[in-house]
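Asker: please find the sequence and the predicted model below.
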There are 2 protein chains.
Amino acid sequence: MDELLVSEGRALKHVQVREYVRSLVSGSAPGSPAPSERELVHRFGVARMTVRQAMDALVVEGLLERIPGRGTFVARPRRVASRLTSFTEEMSRRGLLAESQTLLARREQAGPGVARALSLSEGDAVIHWRRLRRADGVPMCLEDAYLNEVLIPGFLQSGMPTSLYDALGARGLRPTWAEDSITADAVSEEEATLLEVEPGTAVLRHSRRALSGEKVVEVSRSVYRSDRFTLWVQLGQES
Amino acid sequence: MDELLVSEGRALKHVQVREYVRSLVSGSAPGSPAPSERELVHRFGVARMTVRQAMDALVVEGLLERIPGRGTFVARPRRVASRLTSFTEEMSRRGLLAESQTLLARREQAGPGVARALSLSEGDAVIHWRRLRRADGVPMCLEDAYLNEVLIPGFLQSGMPTSLYDALGARGLRPTWAEDSITADAVSEEEATLLEVEPGTAVLRHSRRALSGEKVVEVSRSVYRSDRFTLWVQLGQES
DNA sequence: TAGTGGTCTAGACCACGAA
DNA sequence: TCGTGGTCTAGACCACTAA
């Protein structure tokens, strides 16, 4: 169902039709009619199966909805599951400015836990990056990230980026899937000082193991101030 | 792309082919070859487009993977996002036996918060169901669920079920999408007594708004013991 | 070279919705 | 009744892979 553009870049017919329809309806309100299949057959001079192939792709994509006997219409946006986002993106989504203060960034030898999580062997080189993360200036989160040095050579030398996920994305390693665990705990003294809360306050502990394709690109442990941060998760598809 | 079974229940050809292939490959290891399209054309005496329609559905579903020039193969299972599960299902997935003790189950008038969350008006009738939930006998969670009485008439009279989601499913109202919020907090005295923890211990507070289609079927607030419960979330698709 | 999936044609009949 | 999408046919040529 993919592109496979021909030699010089001539688009396949079903792709032409698909993109024509996409541009027609993009921006239209849900429920707006798309051109009928037979109308597109005439306009492009192609067979109906070709038009159907184009429309099928848009239906699978969730852009269009077919109603037998009536026509094809712009679908209302589907309710989807949460995207996998970085702290920076998540704060920006909430209208807050994310800032990071690097407390530590160095090469280390992986301990047993980190090695297992990163699918490495104990003692392999990893990058340990500890940051205090603020939103609109308020301490929000203390994060320890561990990265597989082999996947991002020269990372420490290249100057630390603001957004880890942007930096990974630039290397074609943007996380596509992650498993998170979340629990509540009392904050430690060291954490309390950095997060500027009372020792013993309840905090959220968040661990993430993020993959790009089959590669584990990030393992992290974070502590979030619970008075400043609520985790939001959407589950399920469609509806 | 749906069934639309004909009159007496005769299956459509592409459905026959699809289900034949599904039964053939179900249980096969990822990478196992599926029958070629032309082989299925012969076996079923149908046109190739019909076979492709059947295979397309299985590819979209993630069961098969096409490799041009080589053939069609069983796809490795995709890494998917977390399913929307109930407490009962979640505990069972962890190998624990879920039990529920109903502390309260009655008709109430919706307050402003619950009314808004359930898309009702203040004062409308809702069912308030408070349960202490145990896993393998250990108190795990205290949950207050609010349900729209109009959607589940006779719910209170029919005897409370073990699993709310099973009961909703039996009425065609199984949640398909939910938004959850999670935060950490200190446990209250009343909660501490019921959950059998020290007052002031850190706990996870979890709120859920669950929809079945466009209808809000459940609004709940839960408190989880953090020493017994860690929330797991998978984000993203495929990889 | 033989087999595979990817694309495409030019028709056909059906059930369903709206007028 | 007419237009819509749903299903289906019996071919065709292409690019690619593997032997």
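Answerer: Perfect, I can see it now.

Asker: separation between the most centrally placed residue in chain A and DNA strand C?
Answerer: Centroid-nearest residue in chain A, with CA atoms, centre = their mean: A:Leu84, separated by 3.4 Å. Taking CB to the nearest atom of the strand, to the nearest Å as the measure, A:Leu84 and DNA strand C are separated by 28 Å. Using the backbone N, CA and C atoms, a C-beta is placed for each residue, glycine as well.

Asker: from memory that residue sits against A:Asp180, does it?
Answerer: No: taking contacts as CB atoms under 8 Å, A:Leu84 lies outside contact range of A:Asp180: 9.2 Å.

Asker: please enumerate the shared neighbours of those two.
Answerer: Residues within reach of A:Leu84 and of A:Asp180 at once, by CB atoms under 8 Å, 6 or more residues apart in numbering or on different chains, are B:Leu235.

Asker: wait, A:Arg107 touches A:Val150, no?
Answerer: No: when contacts are counted by CB under 8 Å, A:Arg107 is not listed as touching A:Val150 (11.7 Å).

Asker: where does chain A have low pLDDT?
Answerer: Within chain A, the stretches with pLDDT under 70 are A:1-10, A:238-239.

Asker: try 50 this time
Answerer: Where chain A drops to pLDDT under 50, the residues are A:1-9, A:239.

Asker: that one: helices as residue ranges?
Answerer: Secondary structure of chain A (DSSP state H): helices located at A:13-25, A:37-44, A:48-61, A:87-93, A:112-117, A:164-170, A:189-195.

Asker: quick revisit: what sits against the residue nearest to the centre of chain A?
Answerer: By CB under 8 Å, 6+ apart, the neighbours of A:Leu84 are A:175-178, A:210, B:235-236.

Asker: closest to B:Leu97 among those residues?
Answerer: B:Leu235 (28.5 Å; CB to CB).

Asker: identify the bridge partners of that closest one.
Answerer: Beta-bridge partners recorded for B:Leu235 (DSSP bridges): A:Ala178.

Asker: next: A:Phe73.
Answerer: When assigned by DSSP bridges, A:Phe73 has beta-bridge partners A:Pro33, A:Glu65.

Asker: just checking, it touches A:Leu63?
Answerer: No: contact criterion CB under 8 Å: A:Phe73 and A:Leu63 do not qualify, at 10.3 Å.

Asker: please report the distance of A:Ala29 from A:Arg22.
Answerer: Distance check for A:Ala29 against A:Arg22: by CB to CB, to the nearest Å, it reads 16 Å.

Asker: what is the burial count for A:Leu63?
Answerer: Residues lying near A:Leu63 (other CB atoms under 10 Å in any protein chain shown) number 20.

Asker: swap in A:Gly95?
Answerer: Neighbour number of A:Gly95 under other CB under 10 Å is 8.

Asker: let me see the domain layout of chain A.
Answerer: Residue ranges for the domains of chain A, per automatic domain parsing: A:13-74, A:87-225.

Asker: do you know which of those lies nearest B:Ile67?
Answerer: Among the domains of chain A, domain A:87-225 comes nearest to B:Ile67, with 17.2 Å by CB to CB.

Asker: hang on, the earlier thing: now the helices of chain A in JSON lines, with distance to chain B and mean neighbour count?
Answerer: Output for those, formatted as JSON lines (distance: least, CB to the nearest CB, whole Å; neighbours: other CB atoms under 10 Å in any protein chain shown):
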{"stretch": "helix A:13-25", "distance to chain B": "13", "mean neighbour count": "17"}
{"stretch": "helix A:37-44", "distance to chain B": "15", "mean neighbour count": "15"}
{"stretch": "helix A:48-61", "distance to chain B": "6", "mean neighbour count": "18"}
{"stretch": "helix A:87-93", "distance to chain B": "12", "mean neighbour count": "17"}
{"stretch": "helix A:112-117", "distance to chain B": "14", "mean neighbour count": "16"}
{"stretch": "helix A:164-170", "distance to chain B": "12", "mean neighbour count": "18"}
{"stretch": "helix A:189-195", "distance to chain B": "12", "mean neighbour count": "16"}
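
Asker: distance to DNA strand D added to these, as TSV?
Answerer: Formatted as TSV, these follow (distance: least, CB to the nearest atom of the strand, whole Å):
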stretch	distance to DNA strand D
helix A:13-25	10
helix A:37-44	4
helix A:48-61	5
helix A:87-93	35
helix A:112-117	34
helix A:164-170	27
helix A:189-195	53
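
Asker: can I get those in JSON lines with distance to B:Leu231?
Answerer: Formatted as JSON lines, the helices of chain A follow (distance: least, CB to CB, whole Å):
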{"stretch": "helix A:13-25", "distance to B:Leu231": "38"}
{"stretch": "helix A:37-44", "distance to B:Leu231": "46"}
{"stretch": "helix A:48-61", "distance to B:Leu231": "31"}
{"stretch": "helix A:87-93", "distance to B:Leu231": "17"}
{"stretch": "helix A:112-117", "distance to B:Leu231": "18"}
{"stretch": "helix A:164-170", "distance to B:Leu231": "22"}
{"stretch": "helix A:189-195", "distance to B:Leu231": "20"}
